[in-house]
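A.B. asks: make a model of this:
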Amino acid sequence: MDDYVTKPIDPVRLFSVLSQWIKIDEKYQTADMNSLSKSHAADTPCSEPGASATDILKANRYDMQQQTPISDSASEIFNKKEFLERVGGDENICQELLNDLPVYLTGEMKKLKDCLKQNDAKLIAVHAHGIKGMAANLSAYKLRDAAYQTELAGKQGDVE
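C.D. replies: Residues are numbered from 1 along each chain as shown. You can find the predicted model right below:
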């Protein structure tokens, strides 16, 4: 199995990949699952047999040479529409996750500050990577990109 699903997880892409490998009993299939799969099949590289990890990464707007996330819009801070799609359109889940964000970020920023005091570039990269993943899952592009730059700096040993 060489299907590759990148983070942030796109439910449509995940379902598409899984449906290639797992036979779902018809009694468990719902109209939502079927419509979800069909409505996005045309633009989902995983829905095509033989899609490679490279094809999928390119579809997710990643520059393979630089491994740099590229935002849809340089000025886009938060894409609510995309985030809502990721959580199945559930406004309550969306709000809960956004409400948890300040608490999570406060803790992670404290950890980053402690790592800076200790000049621990490796741990800076680790914590920045976690922030990057969380931000990507929330479709918070400015935060994701800033965390990515911090992660790169940590990986390069730059604690300035």
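A.B. asks: going by C-alpha atoms from here, please, whenever you check contacts or count neighbours.
C.D. replies: OK.
A.B. asks: this protein: strands as residue ranges?
C.D. replies: All strands of the chain, identified by DSSP state E, fall at 62-63, 68-69.
A.B. asks: by mean pLDDT, show me the worst of those.
C.D. replies: Set side by side, the strands of the chain give their lowest mean pLDDT on strand 62-63, at a mean of 40.
A.B. asks: tell me how far residue 129 lies from residue 107.
C.D. replies: Remark: distance between residue 129 and residue 107 (C-alpha to C-alpha, to the nearest Å) = 14 Å.
A.B. asks: in the protein, what secondary structure element scores lowest on mean pLDDT?
C.D. replies: strand 62-63 (a mean of 40; mean pLDDT, DSSP states H and E).
A.B. asks: angles on the backbone of the closest residue to residue 82 other than its chain neighbours, please.
C.D. replies: When the adjacent residues along the chain are set aside, residue 82 lies closest to residue 139, with 6.6 Å between them (C-alpha to C-alpha, 6 or more residues apart in numbering). Backbone torsions for residue 139, taken as degrees, to the nearest 10, come to phi 60, psi 40.
A.B. asks: the biggest helix by length in the chain packs against which elements?
C.D. replies: Looking across the chain with DSSP state H, the single longest helix is helix 91-117. When contacts are defined as 3 or more C-alpha pairs under 8 Å, 6 or more residues apart in numbering; DSSP states H and E, helix 91-117 sits against helix 80-86, helix 121-137.
A.B. asks: mind putting these in JSON lines, mean pLDDT included?
C.D. replies: Putting the helices and strands packed on helix 91-117 into JSON lines (pLDDT from 0 to 100) gives the following:
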{"stretch": "helix 80-86", "mean pLDDT": "89"}
{"stretch": "helix 121-137", "mean pLDDT": "94"}
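A.B. asks: okay, domains of this structure per the record?
C.D. replies: The record's domain parsing of the chain by automatic domain parsing lists 1-60, 72-160.
A.B. asks: just say which of those domains is most tucked in.
C.D. replies: Greatest average neighbour count among those goes to domain 72-160 (a mean of 16), per mean count of other C-alpha atoms under 10 Å.
A.B. asks: so what's residue 156 closest to, chain neighbours aside?
C.D. replies: Spatial nearest neighbour of residue 156, excluding adjacent residues (C-alpha to C-alpha, 6+ apart): residue 121 at 7.7 Å.
A.B. asks: so who does the one you found touch?
C.D. replies: 115, 153, 154, 155, 156, 157, 158, 159 (C-alpha atoms under 8 Å, 6 or more residues apart in numbering).
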